[in-house]
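Trainee: Predicted model follows, preceded by the sequence.
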Amino acid sequence: MLSLRYYANGTFSVPGALGSWRQQGDVLTEVVTSFLEIHDEETAHLIGETFVSELRWIDYDTFQKRHASGEMTTFERCPRSS
């Protein structure tokens, strides 16, 4: 399972990458700002890349993200770890 964290200050993190996000209605825009480790040149081009997706909330803890490709991904809120 991939851990994706959205922070109230408009940033997000996934293992190995950081970025910024903004939501307007059901549209989520994410921009990759840096990689903590770039293992090869294939990922370097993603810095500055903008990803726009449509959100659909299932319940308070679950939403689906429809990517520009049409692919759907389901996300679930995880309890905070101590």
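Mentor: Thanks, I have it.
Trainee: In this structure, mark out all the strands, start to finish.
Mentor: 5-6, 11-14, 17-24, 27-35, 50-59, 62-66, 72-76 (DSSP state E).
Trainee: for the second one, which positions count as buried?
Mentor: Meaning strand 11-14. Of all the residues in strand 11-14, those buried under the rule 16 or more other C-beta atoms under 10 Å are residue 12. Bear in mind the C-beta positions are built from the backbone N, C-alpha and C, glycine included.
Trainee: repeat for the fourth one
Mentor: Burial within strand 27-35, assessed by neighbour count using 16+ other C-beta under 10 Å, is assigned to 28, 30, 31, 32.
Trainee: Any stretches of this structure with poor pLDDT?
Mentor: 1, 37-44, 80-82 (pLDDT under 70).
Trainee: Now do the contacts for the residue lying closest to residue 78 once chain neighbours are set aside.
Mentor: Ranked by C-beta to C-beta, 6 or more residues apart in numbering and with sequence neighbours excluded, the top spatial neighbour of residue 78 is residue 3, at 7.4 Å. Applying C-beta atoms under 8 Å, 6 or more residues apart in numbering to residue 3 gives the contacts 14, 15, 78.
Trainee: What's the separation between the residue nearest to the first one when sequence neighbours are not counted and residue 30?
Mentor: Right, residue 14. Leaving aside its chain neighbours, residue 14 sits nearest to residue 4 (5.0 Å; criterion: C-beta to C-beta, 6+ apart). For residue 4, the distance to residue 30 equals 10 Å [C-beta to C-beta, to the nearest Å].
Trainee: And for residue 48?
Mentor: Taken as C-beta to C-beta, the span from residue 48 to residue 30 is 12 Å.
Trainee: what residues are shared contacts of residue 4 and residue 30?
Mentor: Common contacts of residue 4 and residue 30 (C-beta under 8 Å, 6+ apart): residue 12.
Trainee: Tell me who's in contact with residue 4.
Mentor: 12, 13, 14, 75.
Trainee: check contacts around the third one.
Mentor: So that's residue 14. 2, 3, 4, 5.
Trainee: Ok, the second one next?
Mentor: Contact criterion C-beta under 8 Å, 6+ apart gives 4, 5, 7, 19 as the residues in contact with residue 13.
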